[in-house]
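Engineer: Sharing a sequence plus its predicted fold:
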Amino acid sequence: MRRTKILATLGPASSTPEVIARLVDIGLDAVRLNFSHGTHESHAALFGLVREAARKSGRPIAILQDLQGPKIRVGKVRPPGMEVPTGSQLTITTRPVEGADGVVSTEYADLPRDVRKDETILLDDGNIRLSVREVRGRDILCDVTDGGRLTSHKGINVPGAALSTGALSAKDREDALFGLRLGVDFVALSFVRSAGDVAELKDLMKRARRTVPIIAKIEKPQAMDALDGIVAAADGVMVARGDLGVEASLEMIPVFQKRIIRVANRAGKLVITATQMLESMTTNPTPTRAEVTDVANAILDGTDALMLSGETAVGQFPVETVRRMSRIAETTEEKIYPFDRAVSSVTDAEAGDFTPAVVRLAGHAARECDPKALLVFTRSGRSARLLSDERPRAPILGFTSSEEVARRLALYWGVLPRLIPELESVERLFAVAERELLESRLARNGDTVVYVLGSNLAPGATNSLKVARVGDVERETRRRGR
């Protein structure tokens with residue numbers, strides 16, 4: 001089985017019931033709704049298709065809403081685009097003009113105030129590079145150091161500048177409230193620069209009376225300076241290599257990726273690696289050797305999940321891309337993955353909270369007893385998430401009566417969420433778990449398994465560990481009956 005999870009972005013290439021059903025059938029764990037594009041109506045339609053495909057498959061599928069963030073863009077450019085030659089001059093203005101003849105607009109009104117002489121401005125993901133010569137009122141006069149062709153609504157990046165815009169734009173607030181009402185399982189916050197940005201979104205959720213896990217996207221160099229605080233504030237992080245690769249030097253991306261994953265692992269937080277994982281499969285049926293190696297290295301770094309962007313949103317081979325990524329992950333885990341080593345160093349449990357200790361013991365038992373599976377009974381999902389940080393070789397079956405918790409667990413490394421009815425006794429939980437093991441062929445009678453549970457069914461009551469053999473519950477029940 002594959003432990004590393006796969007998250008795919010939905011878009012024009014993957015927006016039909018047939019394609020979504022095929023993606024789910026081949027093992028997709030979660031989908032991303034990119035709110036940089038589309039309308040609320042189109043996202044609601046995709047949301048419904050995913051939920052229906054998950055229902056038919058019998059597998060929980062997580063849905064992540066990705067907020068656009070305060071992405072700065074150029075305005076409309078006169079068709080079919082404008083040439084920006086190297087050595088020429090280009091003026092960026094906040095005046096409402098159509099881009100042509102060396103002038104292009106932006107809707108970000110504070111840009112002239114935020115930039116300084118000699119600072120670098122990048123257009124179109126760094127394909128065009130400018131140097132600020134002078135700021136005159138609403139106009140920024142720039143020298144073109146690397147030219148190219150510019151079309152409407154391309155991105156503007158100002159590496160190193162302290163932009164005055166916050167992480168949550170007015171559009172993001174509206175979109176986030178819509179996503180919460182819709183029922184998304186995670187919200188990804190773009191262009192995070194500090195823990196305060198995460199707190200701002202948490203406050204919005206609190207006022208909306210629905211809180212879901214927040215994934216902080218690390219895509220600005222300033223975020224690397226505040227990484228520990230951001231990781232502590234968020235429920236997870238995303239190594240967003242797209243904009244991060246524009247704002248920082250490309251040579252630093254591997255360094256940043258490894259540091260982000262290491263910090264998130266140690267804090268026990270979910271981490272997703274994203275952008276150009278299998279980029280060539282947007283137009284080709286097979287990936288490059290370098291891409292295969294990149295995916296494998298992200299897994300070995302310790303990522304929980306891998307994200308596909310344009311490959312599945314607009315690519316020609318969305319289903320084959322997910323299938324290929326799954327094969328790479330399975331092979332990497334089978335051949336060279338360093339199982340059975342705890343990645344989290346979190347030990348600050350509150351008084352009376354035995355869950356971390358029990359989970360660590362379960363991880364130790366998995367290393368000593370080589371069980372076929374670890375079975376966790378959880379109301380909030382916390383026990384299963386903590387056990388994921390132990391990186392056991394055996395699959396983690398997360399049994400819960402909450403559909404919402406089951407969907408969230410779908411994105412955590414090594415966890416197979418299982419939805420069960422509310423049960424009245426621990427004995428009934430054991431019986432249901434054994435039946436699931438046998439029916440799914442994850443174990444046979446006599447195989448060793450590890451149970452993690454509470455002495456009662458109340459939330460936060462995890463305090464027990466049991467190593468047993470499949471069939472023991474049934475035999476014990478028969479003995480008691482006699």
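Structural biologist: Happy to help now that I have it.
Engineer: Okay, helices next: where are they in the stretch 51-200 of the chain?
Structural biologist: 111-114, 170-182, 195-208 (DSSP state H, counting those that start in this stretch).
Engineer: mind listing what residue 323 touches?
Structural biologist: With contact taken as Cβ atoms under 8 Å, 6 or more residues apart in numbering, residue 323 is in contact with residue 26. Placement of C-beta: from N, CA and C, glycine included.
Engineer: Within the helices and strands, which one has it?
Structural biologist: In this assignment (DSSP states H and E), residue 323 forms part of helix 318-335.
Engineer: distance between that helix and the chain's centre?
Structural biologist: Its chain's C-alpha centre lies 17 Å from the corresponding centre of helix 318-335 when counted by Cα atoms, centre = their mean, to the nearest Å.
Engineer: Please write out the alpha-carbon positions of that helix in CSV.
Structural biologist: Included here for helix 318-335 are C-alpha records, laid out as CSV according to Å, rounded to 0.1, in the frame of the first residue of the first chain:
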residue,chain,number,x,y,z
PRO,A,318,-4.7,13.8,-15.4
VAL,A,319,-5.5,10.2,-14.6
GLU,A,320,-2.2,8.8,-15.9
THR,A,321,-0.4,11.5,-13.9
VAL,A,322,-1.9,10.4,-10.6
ARG,A,323,-1.3,6.8,-11.5
ARG,A,324,2.3,7.5,-12.2
MET,A,325,2.9,9.5,-9.0
SER,A,326,1.3,6.7,-7.0
ARG,A,327,3.7,4.2,-8.6
ILE,A,328,6.7,6.3,-7.8
ALA,A,329,5.6,6.7,-4.2
GLU,A,330,4.9,3.0,-3.8
THR,A,331,8.3,2.0,-5.3
THR,A,332,10.2,4.6,-3.2
GLU,A,333,8.5,3.4,0.0
GLU,A,334,9.1,-0.3,-0.9
LYS,A,335,12.7,0.1,-1.8
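Engineer: Buried residues, the helix or strand just after that helix. List them.
Structural biologist: The helix or strand immediately downstream of helix 318-335 is helix 355-369, counting by DSSP H and E. By 16 or more other Cβ atoms under 10 Å, the buried positions in helix 355-369 come out as 355-356, 358-360, 362-367.
Engineer: likewise stretch 14-22?
Structural biologist: 14-15, 19-22.
Engineer: Next: stretch 397-412.
Structural biologist: 397-400, 402, 405-412.
Engineer: Can you list which of those residues are found in strands?
Structural biologist: 397-400 (DSSP state E).
Engineer: can you count the residues close to residue 84?
Structural biologist: 24 (other Cβ atoms under 10 Å).
Engineer: Quick check: it vs residue 106, distance?
Structural biologist: 14 Å (Cβ to Cβ, to the nearest Å).
Engineer: Compile the helices of the stretch 51-200 of the chain into a markdown table and extend it with columns for mean pLDDT, mean neighbour count and distance to residue 70.
Structural biologist: As requested, the helices of the stretch 51-200 of the chain are exported to a markdown table (pLDDT from 0 to 100; neighbours: other Cβ atoms under 10 Å; distance: least, Cβ to Cβ, whole Å):
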| stretch | mean pLDDT | mean neighbour count | distance to residue 70 |
| --- | --- | --- | --- |
| helix 111-114 | 94 | 18 | 11 |
| helix 170-182 | 97 | 17 | 8 |
| helix 195-208 | 98 | 16 | 10 |
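Engineer: Quick one: closest of those helices to residue 124.
Structural biologist: Of all those, the one in closest proximity to residue 124, counting by Cβ to Cβ, is helix 111-114 (16.0 Å).
Engineer: phi, psi of the residue most central in space within the chain?
Structural biologist: The centroid of the chain falls nearest to residue 272 when counting by Cα atoms, centre = their mean (4.2 Å). Main-chain torsions, residue 272, degrees, to the nearest 10: phi -120, psi 130.
Engineer: for it, which residues make a bridge with it?
Structural biologist: residue 238, residue 305 (DSSP bridges).
Engineer: Is it correct that it is in contact with residue 298?
Structural biologist: No. In this structure residue 272 lies outside contact range of residue 298 using Cβ atoms under 8 Å: 9.7 Å.
Engineer: Return every residue with contacts to both of the two.
Structural biologist: 239, 306.
Engineer: distance of residue 236 from residue 135?
Structural biologist: 39 Å.
Engineer: Same question for residue 359.
Structural biologist: 55 Å.
Engineer: swap in residue 169?
Structural biologist: Taken as Cβ to Cβ, the span from residue 169 to residue 135 is 23 Å.
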